[in-house]
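# Sequence first, then the predicted structure:
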Amino acid sequence: MSDGGFRVDLTELDEFVAELKKFVERVDDQVEAIHSKVDELHVNWEGEAATAHHQAHQRWHTGMKDLRDGTSDIAAAARNSHTAFNGVQELHRKMWP
């Protein structure tokens with residue numbers, strides 16, 4: 001826009017959020033599969049390397065939670081955008097019949 005503003009296509013925003021959720025679900029599934037393998041690995045693995053690996057894996061697990069939480073926040077913001085936009089439209093309809 002030439003006035004320096006921006007526009008949001010709510011349909012495209014919904015599509016983006018849906019694709020993001022699918023992506024996060026796929027990554028989450030893969031991380032869970034890796035987690036199962038790591039648990040199996042650590043049954044017989046001990047020592048500094050095992051401890052370091054376990055700590056690194058825990059950071060992955062925490063990062064995955066952050067990714068899920070962030071995606072939920074984005075989805076909530078998108079829903080709020082719909083509510084706000086629809087409220088503004090309704091207000092405009094009432095102001096100018």
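Nice, I can see it. Quick caveat, the model's predicted, so the values are computed rather than measured.
# tell me which helix or strand of this protein sits lowest on mean pLDDT?
Ranked by mean pLDDT, DSSP states H and E, the helix or strand of the chain with the weakest confidence is helix 48-95, at a mean of 85.
# where does the most centrally placed residue in the chain sit relative to residue 15, distance-wise?
The centre of the chain sits closest to residue 71, judged by C-alpha atoms, centre = their mean, with a distance of 1.9 Å. Note on residue 71: its distance to residue 15, by C-beta to C-beta, to the nearest Å, is 14 Å. Quick note: C-beta positions are derived from backbone N, CA and C, even for glycine.
# And residue 22, by the same measure?
Per C-beta to C-beta, residue 22 is found 11 Å from residue 15.
# cool, and residue 55?
38 Å.
# how about residue 24, secondary structure?
For residue 24, the secondary-structure state derived from DSSP: H, G, I helix; E, B strand; the rest coil is helix.
# What confidence value was assigned to it?
We have a pLDDT of 93 for residue 24.
# what sits against residue 42?
Taking C-beta atoms under 8 Å, 6 or more residues apart in numbering as the criterion, residue 42 is in contact with 50, 53-54.
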